[in-house]
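*Asks:* sequence and predicted structure are below.
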Amino acid sequence: MAFAGYRNEMGADSDMLKLLQESAIRNFGANPTKMLFKRADAASPLHEMLEKILEKVKPVEIIEALAPFLKK
C-alpha cells in the first residue's frame, strides 16, 4: 500500500519511479531482523551498558557472577 501511494505521488516522473522501485526491491529483500535489532538503538543507558558488556563477556560468566545475588 505504501509503494502504491508513493507511486501515485511520483506521477509521470520516470526517474523518481525507477528510484522508488529500486528502493522497494532492496527493502523487500532485506533481512527484517536487522531493522528490529539495531545495536545503535539502545532503549536506555542500562540497555546500552549491557550490550557493551555482552560484546566482551560471555553470558554464562555474567550469570555466574550474579548467581550469589539471585539466590533467596
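*Replies:* Yep, it's here.

*Asks:* any idea how far residue 59 lies from residue 46?
*Replies:* 16 Å (Cβ to Cβ, to the nearest Å). Bear in mind the C-beta positions are built from the backbone N, C-alpha and C, glycine included.

*Asks:* no no, residue 20
*Replies:* For residue 20, the distance to residue 46 - Cβ to Cβ - is 40 Å.

*Asks:* okay, these two: which has more neighbours?
*Replies:* Shown here are residue 20 and residue 46; by other Cβ atoms under 10 Å, residue 20 has more neighbours (16 against 9).

*Asks:* excluding chain neighbours, what is closest to that one?
*Replies:* Closest residue in space to residue 20, ignoring its immediate chain neighbours: residue 6 at 5.5 Å, by Cβ to Cβ, 6 or more residues apart in numbering.

*Asks:* any buried residues in the helix or strand hosting residue 25, and which?
*Replies:* In the assignment (DSSP states H and E), residue 25 maps to helix 14-29. Judged by neighbour count using 16 or more other Cβ atoms under 10 Å, the buried positions of helix 14-29 are residue 20.

*Asks:* got a list of contacts for that helix?
*Replies:* Defining contact as Cβ atoms under 8 Å, 6 or more residues apart in numbering, one finds that helix 14-29 is touched by 3, 6-7, 10.

*Asks:* burial count for residue 3?
*Replies:* 13.
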